[in-house]
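S.K.: generate a structure from the sequence data that follows.
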Amino acid sequence: MRTLNRGHYIQLALLRGWADFRAEASRTWLGVLWWIADPLLNMLVLYIVFGIFFQRRTPNFVPFLLIGLVFWRYFNVTVMNMGASILNNVAMIRQVALPKILFPMITVVTCTLEFLFTLLLLVAVLALYRIPLSAAMLWWPVVFGVQLLLVMGCGLTLAAFTPFVPDLNKMVNQLMRILFYMSGIFYDIRDLPEMARKLLVLNPMVVLIDAHRACLMEQRAPHWNQLAVIAVVSLAGILFGRVCIRYFNPLYAKRIAR
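M.R.: Below you'll find the model as predicted:
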């Protein structure tokens, strides 16, 4: 039997991620439209609460709000699904000897494909509000690349330990709810007192959401020093998660089988 190398596993992750994406798209009545409708409905609720009731004065509040929601949703959904990916594939783990890191990587591919449809909504809203094109937009792929590193660092680490502590995913889900309100999604952290800003920027999603807004709607460069710190820490998280999954690889089938 031919042994699969790293290239084959990458190809398998991409193909399986695409297959899961197509399966999920056909599983529901709305299909891919739900990935657009979900952030749109969330934006509508937050706009009514903060844009109308609390009369937020942030310029272009709708694209400001939607940028926060879109990139928060990608982070939240992908990390949580990666964390549960090994447990969710228990049947395959019992039957086939595959590197367990393959399952969270498949999740990354699937969630990123879903995210591309949500991105279409964001592009449409930016065009509707006549946000001008600028040179700063060329930096956006770099910002998204840093967020992808953060997603993988958090997701791989969570996936490594969740099979041994299944409640860990629930605990992280509660943490995500707290971070949602501390990520500057529906408010501008620059309007807060200096002490509050210093505390909030410890949350990497605050920095990333601000960087997305800088590139996509504010025609300014992001804070590269803060993004560099997030990238380095995320790479360390990826390495840590990868090493842990490889070390625990022989133990997952036994632990999940209980």
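
S.K.: list the backbone torsions phi and psi for Arg220.
M.R.: phi -140, psi 160 (degrees, to the nearest 10).

S.K.: and the closest residue to it other than its chain neighbours, what pLDDT?
M.R.: Excluding its sequence neighbours, the residue lying closest to Arg220 (CB to CB, 6 or more residues apart in numbering) is Ala214, at 4.8 Å. Bear in mind the C-beta positions are built from the backbone N, C-alpha and C, glycine included. Note on Ala214: pLDDT of 95.

S.K.: element containing Ala214?
M.R.: helix 204-216 (DSSP states H and E).

S.K.: which residues are contacting that helix?
M.R.: 63-64, 67-68, 71-72, 75, 122, 126, 131, 136-137, 139-140, 143-144, 146-147, 150, 179, 182-185, 189, 200-201, 220-223, 226-227, 230, 233-234 (CB atoms under 8 Å, 6 or more residues apart in numbering).

S.K.: quick check on these: which are buried?
M.R.: 63-64, 67-68, 71-72, 75, 122, 126, 131, 136-137, 139, 143-144, 146-147, 150, 179, 183-185, 189, 200-201, 222, 226-227, 230, 234 (16 or more other CB atoms under 10 Å).

S.K.: count of residues packed around the nearest residue to Ile101 once chain neighbours are set aside?
M.R.: Nearest residue to Ile101, sequence neighbours excluded (CB to CB, 6+ apart): Ile245, at 4.7 Å. Residues lying near Ile245 (other CB atoms under 10 Å) number 23.

S.K.: residue contacts, Ile245?
M.R.: Ile245 neighbours (CB under 8 Å, 6+ apart): Ile86, Pro99, Lys100, Ile101, Pro104, Leu156, Ala159, Ala160.

S.K.: how about Ile189?
M.R.: Contacts of Ile189 (CB under 8 Å, 6+ apart): Ala196, Arg197, Leu200, Val201, Val206, Asp210.

S.K.: hmm, the third one is touching Met182, no?
M.R.: Yes - contact between Leu200 and Met182 holds when scored by CB atoms under 8 Å: they sit 6.1 Å apart.

S.K.: how about low-confidence regions in the stretch 151-258 of the chain?
M.R.: The model of the stretch 151-258 of the chain has pLDDT under 70 over residues 255-258.

S.K.: one more pass at 80, please.
M.R.: Applying pLDDT under 80 to the stretch 151-258 of the chain picks out residues 252-258.

S.K.: angle of the strand or helix carrying Leu251 against helix 204-216?
M.R.: Using DSSP H and E, Leu251 falls within helix 224-257. For helix 224-257 against helix 204-216, the angle by axes from the mean of the first three to the mean of the last three CA atoms, to 10 degrees is 130 degrees.

S.K.: buried residues in helix 224-257, which are they?
M.R.: In helix 224-257, counting by 16+ other CB under 10 Å, buried: 226-227, 230-231, 234, 237-238, 241-242, 244-245, 248-249, 252, 256.

S.K.: could you do stretch 106-125 as well?
M.R.: For stretch 106-125, using 16+ other CB under 10 Å, the buried residues are 106-115, 117-119, 121-122, 125.

S.K.: chain center to that stretch, what's the gap?
M.R.: 10 Å (CA atoms, centre = their mean, to the nearest Å).
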